[in-house]
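Novice: fold the following and give me the result.
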Amino acid sequence: MFYGDLHLIDILIFAGIAAFLFYRLSGVLGKKTGFEKRPAEPPIDMIEPIQKNETKNKVVDLDPKYEKLKTAYEYVNNFDHIEFLEGAKRAFEMIVTSFNEGDKEKLKPLLTSEIFSIFAGIIDAKKNNNNLQILSIEILSIDNVETLNKKILISLTYSSSQIDNKTDKQITKKDTWTFEKLKNSNAPNWVLAST
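Specialist: Numbering: from 1, shown residues only. Okay, the predicted model is just below:
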């Protein structure tokens with residue numbers, strides 16, 4: 001009996017010590033001593049006001065063959081006509097290759113839903129030629145740049161040299177494609193809207 005009472009007394013003593021320590025720590029922790037440094041603030045004259053349409057490009061002087069793309073500079077954030085045309089060549093190759101191979105998953109993000117439905121229908125009917133391979137691509141002309149509702153559309157004419165791997169026959173194809181994008185969109189991708 002005495003042994004059990006001894007444990008109860010030990011527990012009460014430890015509880016009292018813990019309460020005392022908690023009280024003392026809570027009084028010390030979290031107090032400011034007055035020696036903390038405040039974060040440095042920049043002088044008011046160094047703070048620049050936020051500019052609206054920071055990403056809007058200035059219209060640049062363009063070579064006459066690129067003149068039609070001035071409209072794109074007005075409506076597309078961070079537009080660069082050289083990058084756009086290089087991207088359009090890559091897009092042509094990706095789309096044609098994916099179509100020829102019947103890869104609808106790769107095609108879907110590159111096309112509008114209407115064009116995807118047409119391409120998917122041709123693939124499903126097995127009317128695509130998976131033997132064709134692109135040898136070279138050239139953009140012959142920038143045919144049209146226009147705005148329509150909330151979109152900007154750019155039409156390009158391509159010339160591509162392709163080979164049929166089954167027959168080794170080379171063909172040259174001429175295609176006019178129109179790409180679209182929402183005006184002032186920060187998304188980098190254009191999608192194929194018509195062929």
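Novice: count the residues that sit near L110.
Specialist: Here the neighbour count serves as a burial measure; for L110 (other CB atoms under 10 Å) it reads 19. Where C-beta positions appear, they are placed from N, C-alpha and C, glycine not excepted.
Novice: likewise for the one 3 residues further on?
Specialist: Burial of S113 is recorded as 8 neighbouring residues (other CB under 10 Å).
Novice: also A15?
Specialist: Other residues near A15 number 10, with proximity taken as other CB under 10 Å.
Novice: ok, then the element right after the lowest-mean-pLDDT helix or strand in the chain?
Specialist: Of all helical and strand segments in the chain, the minimum by mean pLDDT, DSSP states H and E falls on helix 2-28, at a mean of 66. Per DSSP states H and E, the first helix or strand lying C-terminal to helix 2-28 is helix 70-75.
Novice: and the longest strand seen in the chain, what does it pack onto?
Specialist: In terms of residue count, the longest strand belonging to the chain (DSSP state E) is strand 132-148. Judged by 3 or more CB pairs under 8 Å, 6 or more residues apart in numbering; DSSP states H and E, the packing partners of strand 132-148 are helix 70-75, helix 81-101, strand 151-164, strand 169-182.
Novice: adding mean neighbour count, write the ones you listed out as JSON lines.
Specialist: Formatted as JSON lines, these follow (neighbours: other CB atoms under 10 Å):
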{"stretch": "helix 70-75", "mean neighbour count": "18"}
{"stretch": "helix 81-101", "mean neighbour count": "16"}
{"stretch": "strand 151-164", "mean neighbour count": "18"}
{"stretch": "strand 169-182", "mean neighbour count": "15"}
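Novice: closest one to S113 among the ones you listed?
Specialist: strand 169-182 (11.9 Å; CB to CB).
Novice: and the closest one, what does it pack onto?
Specialist: Counting contacts by 3+ CB pairs under 8 Å, 6+ apart, the secondary-structure elements packed against strand 169-182 are helix 81-101, strand 132-148, strand 151-164, strand 191-194.
Novice: got the ones you listed as CSV, with distance to G16 and mean pLDDT columns?
Specialist: Shown next, in CSV, are the helices and strands packed on strand 169-182 (distance: least, CB to CB, whole Å; pLDDT from 0 to 100):
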stretch, distance to G16, mean pLDDT
helix 81-101, 74, 95
strand 132-148, 80, 95
strand 151-164, 76, 96
strand 191-194, 74, 96
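Novice: what number of residues lie near K183?
Specialist: K183 - counted by other CB under 10 Å - has 15 other residues nearby.
Novice: what does the model give the residue nearest to it when sequence neighbours are not counted for pLDDT?
Specialist: The spatial neighbour of K183 that comes closest, neighbours along the chain excluded (CB to CB, 6 or more residues apart in numbering), is Y75 at 4.5 Å. At Y75 the predicted local confidence, pLDDT, stands at 90.
Novice: so Y75 sits against E180, correct?
Specialist: No: taking contact to mean CB atoms under 8 Å, the distance of 11.6 Å between Y75 and E180 leaves them out of contact.
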